[in-house]
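Participant: just to be clear, the model below is a prediction. Sequence and coordinates:
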Amino acid sequence: MNYEELNNILEKANNERRSGKYNEADFLVNNVLSELDSMSHSLQDVGSVAQIRARAFLIQAISGSQLGTYDYSIAQVQKALELAVDYNLKKILPVAFNILGSVYKSKGSYDKSLENFSKALLLYEELGEQSGVTNVIGNIGNLYSFIENYETALTYLNKALAIHTERGEKLLVARVTGNIGIVYKQLGNNDKALEYYFKALAGHEELGEKTELSGILGNIGRLYLSLDSYDMAIEYLFKSLAVSEEFGKKSGIANIMGDIGFLYSNPKFDGYDAGKAEEYLLESITLCEEIGSKHNLYVVYKYIADLYKLEKRWEEHSIHLQKYYELEKAVQSEEIRKQAEKHDNERRGAEREKSLAIERALSKATNDILANILPPTITERLLKGEKKIADNHENVSVLFIDIVGFTQLSSKLLAGELIDVLDIVFTRFDTICKKHGLEKIKTIGDAYMAVCGAPVAVENHAERTALAAIEMLEDFSMEQRFSARIDLGFRIGLHSGSVVAGIIGENKYSYDLWGDAVNTASRMESHGEAGKIHVSEEFKHAVETLHATSLQFIRRGEMEIKGKGTMKTYFLEQTI
């Protein structure tokens, strides 16, 4: 199965999720992840693999958010973020932060929600993705609605609605329309709220977007409840509950059960039933606690406290009223409101300063970045104004090294630990390369590539590369403790020949090598053995030209090398 087919499966999974078929979506996503684990990938494919994995994790995260499994959702987003950072997946980052913002909003962590929405908005703006920018603007509007800053909420939401309408994004139009209805409900404009609710309901029904119907139906039910239209209220509340239960949406079930419990606890309702009210409210509390929905939890505490007061169950009334006050203070704190207002003011100021800040930072950032990612001679040429750098190097040695059993190791370690291991290993390789005069070219996954003889020519490039490779295989202590045993092995491939070296990219510079020598060195590594240095006959000749007597070559014999045919190859060792 190729990568295009895997991406198509993920798109199908996303469509299943949108239709509320979460089990089917999860099945498809897990199939894609399993397929990736079973496939062999070339060094050139690691970016595509990371992109597919990240997409899969984000689909799982959105499903988790909609089902109310917020901690799981956050964990999957973090996996996607790690891949995005490691492999420079710029389009994954804003999507991930936007999802995190929504999840933290649902959990009642409004400061974290605002922080992540702000990151998503900035990244979408940098990418020039207007649809993403507008989506986040709408989400920030919802957040302001949650913290009762309704004027600002309407400003953001109406801006988002206008852009989505202009762009013909019907699903997002329906979603934002429903959210505007919520704000009008909070402002007490019930006629306007119902108008927007029913527009949103019609939009979702037209698109067949069932997963969001429960929220719209619930909002209509709550509005009728506030108007004392109890027959209409109970009709829409139970419709909402049925949709949530059909798709297993715990957050929706928890919210609606709280509303139904509140309805049954209302003495004005002909169907007043304290027993039913308590049953629904306690179930709502259990679900809210399970999924971590603090915003809804404190509201239900108030509902059940009022019920116990009506029933003169004073001790239980006191307990739940106290829980209500404590959680309301934590969720709806004045500090959070101030932070949100501060964010809005800072953002307006940032927009005015943005162009100046970019200009001031550009010169310093360019120099700092170039110094870290490019050889000094190449950096000097760029700063002097060279636009195109491409050089032929007739005599260089190329080194490839990778970690043996890395896939198995990655399955045993936590994501953060895995990054720490790679950092320790690659930092050690950097030090060794610097010691022997090699230029690190890049890392790809668990593989490391370096060259000697470019961009600055050296006569003994092969000997330097051989000594660096031998030192890389030496035992070293892993001082940091990890949750699993770290027993690292390496496989190295070396080849000498000619390459083309130069700069690619305009916004993100990269110094790289091309040519048969690069491919052959890579083949030496992939056809090698754990704990050994596998070299070509050309590399052996380059070393022997200098009479490097401390090095010896053990003939491996002729072997078939993928893409090269039959080659004589050797294992390099150092004499004692």
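Facilitator: Thanks, I have the structure now.
Participant: report the secondary structure state of the residue lying closest to residue 51 once chain neighbours are set aside.
Facilitator: Closest residue to residue 51 apart from its sequence neighbours, by C-beta to C-beta, 6 or more residues apart in numbering: residue 89 at 5.7 Å. Every residue, glycine included, has its C-beta placed from N, CA and C. Here residue 89 is recorded as coil under DSSP: H, G, I helix; E, B strand; the rest coil.
Participant: so what's the backbone phi/psi at residue 89?
Facilitator: Dihedral pair for residue 89: phi -90, psi 80, per degrees, to the nearest 10.
Participant: use 32 as the first number from now on
Facilitator: In the new count, where the first residue is 32, that last one comes out as residue 120.
Participant: that one contacts residue 83, doesn't it?
Facilitator: No: counting by C-beta atoms under 8 Å, residue 120 stays clear of residue 83, with 10.4 Å between them.
Participant: so what's the backbone phi/psi at residue 140?
Facilitator: Main-chain dihedrals, residue 140, degrees, to the nearest 10: phi -90, psi 80.
Participant: state the distance from it to residue 326.
Facilitator: Remark: distance between residue 140 and residue 326 (C-beta to C-beta, to the nearest Å) = 10 Å.
Participant: residue 237 too?
Facilitator: According to C-beta to C-beta, residue 237 stands 30 Å off from residue 326.
Participant: now residue 433
Facilitator: Residue 433 is 48 Å from residue 326, by C-beta to C-beta.
Participant: same question for residue 421.
Facilitator: 58 Å.
Participant: who's more crowded, these two?
Facilitator: residue 326 (20 against 10; other C-beta atoms under 10 Å).
Participant: work out for me the element residue 556 sits within.
Facilitator: Taking DSSP states H and E as the definition, one finds residue 556 inside helix 547-557.
Participant: what about that helix, distance to the chain center?
Facilitator: Helix 547-557 has its C-alpha centroid displaced from the chain centroid by 33 Å (C-alpha atoms, centre = their mean, to the nearest Å).
Participant: need the helices for the stretch 432-581 of the chain, in chain order.
Facilitator: 437-443, 446-467, 492-504, 547-557, 568-575 (DSSP state H, counting those that start in this stretch).
Participant: meant to ask about the stretch 282-431 of the chain, not that
Facilitator: For the stretch 282-431 of the chain, applying DSSP H, counting those that start in this stretch gives helices covering 305-322, 325-341, 345-362, 365-404, 407-414.
Participant: rank the ones you listed by pLDDT, which is bottom?
Facilitator: Across those, helix 365-404 has the smallest mean pLDDT, namely a mean of 56.
Participant: low-confidence stretches in the stretch 32-181 of the chain?
Facilitator: Scanning the stretch 32-181 of the chain for pLDDT under 70 picks out the ranges 72-75.
Participant: now the nearest residue to residue 123 once chain neighbours are set aside: which helix or strand?
Facilitator: Distances taken as C-beta to C-beta, 6+ apart put residue 115 closest to residue 123, at 4.0 Å, once the chain neighbours are dropped. Assigned by DSSP H and E, residue 115 belongs to helix 101-117.
Participant: is residue 261 in contact with residue 300, as I believe?
Facilitator: Yes: the criterion here is C-beta under 8 Å, and residue 261 meets it with residue 300 at 4.9 Å.
Participant: so for these two, which residues contact both of them?
Facilitator: Common neighbours of residue 261 and residue 300 (criterion: C-beta atoms under 8 Å, 6 or more residues apart in numbering): residue 294.
Participant: about what we covered before: what's the local residue count around the residue nearest to residue 123?
Facilitator: Under the neighbour criterion other C-beta under 10 Å, residue 115 is assigned a count of 23.
Participant: so what's it up against?
Facilitator: Applying C-beta under 8 Å, 6+ apart, one finds that residue 115 lies in contact with 81, 85, 121, 123, 124, 127.
Participant: distance of it relative to residue 121?
Facilitator: Counting by C-beta to C-beta, the gap from residue 115 to residue 121 is 8 Å.
Participant: kindly report the same for residue 500.
Facilitator: Counting by C-beta to C-beta, the gap from residue 500 to residue 121 is 34 Å.
Participant: so between the two, which is more surrounded?
Facilitator: Under the criterion of other C-beta under 10 Å, the comparison of residue 500 against residue 121 puts residue 500 first, with 27 against 12.
Participant: quick check: the more buried one touching residue 432?
Facilitator: Yes: with contact defined as C-beta under 8 Å, residue 500 counts as touching residue 432 (7.4 Å).
Participant: joint contacts of the two?
Facilitator: Shared contacts of residue 500 and residue 432, defined by C-beta under 8 Å, 6+ apart, are found at residue 523.
Participant: what about residue 589, which SS state?
Facilitator: strand.
Participant: neighbours of it, just the number please.
Facilitator: Number of residues near residue 589 (other C-beta under 10 Å) recorded here: 10.
Participant: which residues touch it?
Facilitator: By C-beta under 8 Å, 6+ apart, the residues touching residue 589 are 597, 598, 599.
Participant: at 6 Å what do you get?
Facilitator: Counting by C-beta atoms under 6 Å, 6 or more residues apart in numbering, residue 589 touches 597, 599.
Participant: okay, helices next: where are they in the stretch 32-181 of the chain?
Facilitator: 34-49, 53-69, 77-98, 101-117, 123-138, 141-158, 161-177, 181-198.
Participant: can you redo those as a markdown table with distance to residue 427?
Facilitator: Listed next are those as a markdown table, based on distance: least, C-beta to C-beta, whole Å:
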| stretch | distance to residue 427 |
| --- | --- |
| helix 34-49 | 32 |
| helix 53-69 | 34 |
| helix 77-98 | 24 |
| helix 101-117 | 28 |
| helix 123-138 | 35 |
| helix 141-158 | 37 |
| helix 161-177 | 43 |
| helix 181-198 | 51 |
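Participant: which of the ones you listed sits closest to residue 437?
Facilitator: Nearest to residue 437, of all the helices of the stretch 32-181 of the chain, is helix 77-98, at 11.5 Å by C-beta to C-beta.
Participant: surely residue 431 touches residue 555?
Facilitator: No: checked against C-beta atoms under 6 Å, the pair residue 431 and residue 555 is beyond contact range at 7.1 Å.
Participant: what about residue 493, distance to residue 523?
Facilitator: Separation of residue 493 from residue 523 (C-beta to C-beta) stands at 14 Å.
Participant: what's the domain layout of the protein?
Facilitator: In the domain annotation for the chain, the residue ranges read 32-135, 160-238, 240-362, 411-605 (automatic domain parsing).
Participant: in JSON lines: those domains, plus distance to residue 405.
Facilitator: Shown next, in JSON lines, are the domains of the chain (distance: least, C-beta to C-beta, whole Å):
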{"stretch": "domain 32-135", "distance to residue 405": "16"}
{"stretch": "domain 160-238", "distance to residue 405": "29"}
{"stretch": "domain 240-362", "distance to residue 405": "46"}
{"stretch": "domain 411-605", "distance to residue 405": "5"}
